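> Test case, fold it:
(2 chains)
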Amino acid sequence: MKYAHLVWRNLWRNALRTAMTGGAIMLAVVLVCLLLTMPAGMDAMLNDFASNTRLTVHNKAGIVYSMPYSFTRKVRQVDGVAAAVAWVWFGGAFEEDGRVTFPNFAVEAEHIGAVFPDYPITQQQLADFQRYRDGAIVGRQIMQKYGWKLGQRVTLKSTVWPVDLDFRLVGVIDNERAPHFWFNREYLDQALREKGANGLGIAGTIWVRADDPRKVNTIMRKVDEMSRNSEAETASETEKSFFANFFGSLQGLVTIILIVTGLVSLCIVFIAANTASMGVRERAGEIAVMKAIGFPRRVIFTTLLAEASLLSTFAGVLGVALAVGLTGALQAAAGWSDMLGPLGNFIVTPLVIVQGLFLSLFVGMLAGVVPSFGAARKPVVESLHEVF
Amino acid sequence: MQAPRAHGGDTPDEPPLIRIDSVSRRYIRGVDEVHALEGVSLQIHSGRFVAFMGPSGSGKSTLMNLVSGIDRPSEGEVIVAGQSLGDLTEDELAEWRARHVGLIFQFFNLIPVLNALDNVALPLLLTDLSKAERVRRAETALRVVGLDERIDHFPRTLSGGEQQRVAIARAIVTDPDLIVADEPTGDLDARNAEAILELLRSLKHDFGKTIVMVTHDPRALRFVDHAFHLDKGLLLEGDDARRADQAVQLAAGGGLISGAGRAS
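Numbering: from 1, shown residues only, chains lettered A, B, ... in the order given. Have a look, this model is predicted:
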């Protein structure tokens, strides 16, 4: 501790350089801490999105392949299944250019409410959905995006089926998590028959709600066993797993970001090492004199290394504090706006704090060890010859 | 072993503080071997103020480095305060210097981010003294050099002469056996140079310190007990030494330095 004053004074001999190096380390730590919250944040986000009693059944070959609609009835008979509903992708485009800008599905109006009881849809709207064959229930985001109102009629041109359908908006899924457009499958079935087709005999996906979360695994196994050796073998998965697969590309992005973050951290190590080297070079004369008056190599090494480590750790503490503050602000913002809601899941946990502090200390030590060792190792007579 | 031939001043009965026996120092520079010192032997007794003089490349700084334990000889033996320095490792030499030697440099080499008091107290960090005791000793050393009212000043706010006084205070704060000064007046004007030489002499007179000084400054002859003259790595003796002494006196203005430096 008796060298603390010397270390502290040396640290601030060039305040601007110290502040800029510290700032670079601080920002790197903020970046790393925020990125380290992403895996846990995404998991929490999936937990928010996904129910622990809900699962999905789709064709084993992929979700673009269908299953016989009759399989939905078999699924409903499996022990532990509280409700099941078949979805069929409509691929309806609203805008003039024919692009599909939101997911739209033909669903069984009488079952949808039982499978998604956690979705904020009023009982009256669910009743209207069953009453009107052309009724549609739409996610709030879509309603807001297009400025739609309940009771309004909208037409979707299917990019999959040879029909355009005109819908009456009867309900809203009043949250930001479900940007769906659901309509009654009987309406599509009827339209297809009117076109001379066979009607809608398929299910694209079957969503199932279990009456007990502990039965979910058993239900998945039984459903997949029922379809074994049929033309449409199924693959069941939990809702969380289903969304996780959807977010798979996002997780790949996270991996790329983590790699980039690692490279950024490495750059910061080099910047800090360069700063430490410059500091040592500038003070070559002083270090030579300190050695000459009797400072042993270990003290020279330790004090120089302590300077680099102190700076980076101090910057790391500020960086972690800033990351905690930023995520705290995001959480507060999430409370004000549903759209920002998922951001509230990105929390700087104690583990991330420890990782951030460890990173900063590691950067400081790695950056400081080479110049400190070089300065300390050199014999005193060589050090004096170089500077005098 | 060749007997020591030169003595720093009169030869008292007590053993010398510094004894250099047949010392040579050679460096490899590129592909060449440089003979910085060849077969130098001398003795310096405790309480003497001596100078190593000579032209550039004469080997005086090399000799100073050997005497102060900064460097080790290629051949021969350097014994200071009873310790043979050639036997010590780099770290042992550092520890020995901290306890036995006070060093003064031409360009002062104070730590710019520390004030005068902290600069002087710097060598005391290597001791087990309490902070209060370190401060007390540093204040005393600054009082000895006449800077006790400038303890809070940083080097940039001190004149060259004052900075050198702080450096001298730093050299004496550990109460070393030996003070070694490398061109202490080399970066000072005439008035400050004289004041520093006077201060060094007073350290000898008032505190009985042994002082070894490397210098080009002919004025130094007025202050030292003895001047060793070196040339091309050899210690000048006899008529050669006397002629070198006279040449230095002439350079200093002849009669101005009458009675100074007597070679043995």
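> Tell me which residue of the stretch 201-350 of chain A lies closest to chain B.
Going by C-beta to the nearest C-beta, chain B is nearest to residue A:294 of the stretch 201-350 of chain A, at 2.6 Å. Yep, even glycine has a C-beta here, placed from its N, CA and C like the rest.
> who touches the residue lying closest to that residue once chain neighbours are set aside in this structure?
Nearest residue to residue A:294, sequence neighbours excluded (C-beta to C-beta, 6 or more residues apart in numbering or on different chains): residue B:98, at 2.6 Å. By C-beta atoms under 8 Å, 6 or more residues apart in numbering or on different chains, the contact set of residue B:98 is A:293-295, B:123, B:126-127, B:174.
> same thing with residue B:150?
Residue B:150 sits next to B:116, B:142, B:158, B:162 when contact means C-beta under 8 Å, 6+ apart.
> Tell me the residues of the stretch 1-150 of chain B that contact chain A?
With C-beta under 8 Å from any C-beta of the partner chain as the criterion, the stretch 1-150 of chain B meets chain A at residues B:65, B:68, B:70-71, B:90-91, B:93-99, B:101-103, B:105-107, B:109, B:111-114, B:118, B:122-123, B:125-126, B:131.
> quick one: contacts for the closest residue to residue A:159 other than its chain neighbours?
Sequence neighbours aside, residue A:91 is the residue nearest to residue A:159 in space, at 4.1 Å (criterion: C-beta to C-beta, 6+ apart). Counting by C-beta under 8 Å, 6+ apart, residue A:91 makes contact with A:100, A:104, A:158-161.
> Tell me the one of those nearest chain B?
Distance to chain B, by C-beta to the nearest C-beta, is smallest for residue A:100 among the contacts of residue A:91, at 67.0 Å.
> what about that closest one, neighbour count?
Neighbour count of residue A:100, defined by other C-beta atoms under 10 Å in any protein chain shown: 18.
> Also residue A:61?
Using other C-beta under 10 Å, residue A:61 has 12 neighbouring residues.
> Now name the helix or strand holding it.
Using DSSP states H and E, residue A:61 sits within no helix or strand.
> Can you show me the helices along the stretch 101-250 of chain B?
Using DSSP state H, counting those that start in this stretch, the helices assigned to the stretch 101-250 of chain B run over residues B:116-121, B:131-144, B:160-172, B:190-207, B:238-251.
> quick revisit: so what's the residue nearest to residue A:159 scoring on pLDDT?
The model reports residue A:91 with a pLDDT of 93.
> Equivalent analysis for residue B:251, please.
69.
> quick one: residue A:260 and residue A:315, what's the gap?
Going from residue A:260 to residue A:315 by C-beta to C-beta, to the nearest Å gives 20 Å.
> So for those two, which sits in the more crowded spot?
Higher neighbour count among residue A:260 and residue A:315: residue A:315, with 26 against 12, using other C-beta under 10 Å.
> pretty sure that one is in a helix, no?
Yes - looking at residue A:315 with DSSP: H, G, I helix; E, B strand; the rest coil, it is inside a helix.
> In the sheet, which residues pair with residue A:83? Tell me.
Residue A:83 has these beta-bridge partners by DSSP bridges: residue A:209.
> State the three-state secondary structure for residue B:76.
Classification of residue B:76 using three-state DSSP returns strand.
> Need the pLDDT of it.
pLDDT, residue B:76: 94.
> residues touching residue A:126, list them.
A:112-113, A:137, A:171.
> re the thing from before, from the contacts of residue B:98, which single one is nearest residue A:243?
residue A:295 (61.6 Å; C-beta to C-beta).
> After the helix or strand of chain A with the lowest mean pLDDT, which helix or strand is next? Please name it.
Across the helices and strands of chain A, the lowest-confidence element by mean pLDDT, DSSP states H and E is helix A:239-246, at a mean of 72. Downstream of helix A:239-246, the next assigned helix or strand under DSSP H and E is helix A:248-282.
> Check which residues of that following helix are buried.
By neighbour count on 16 or more other C-beta atoms under 10 Å in any protein chain shown, the buried set for helix A:248-282 is A:254, A:261, A:264-265, A:268-269, A:271-273, A:275-277, A:279-280.
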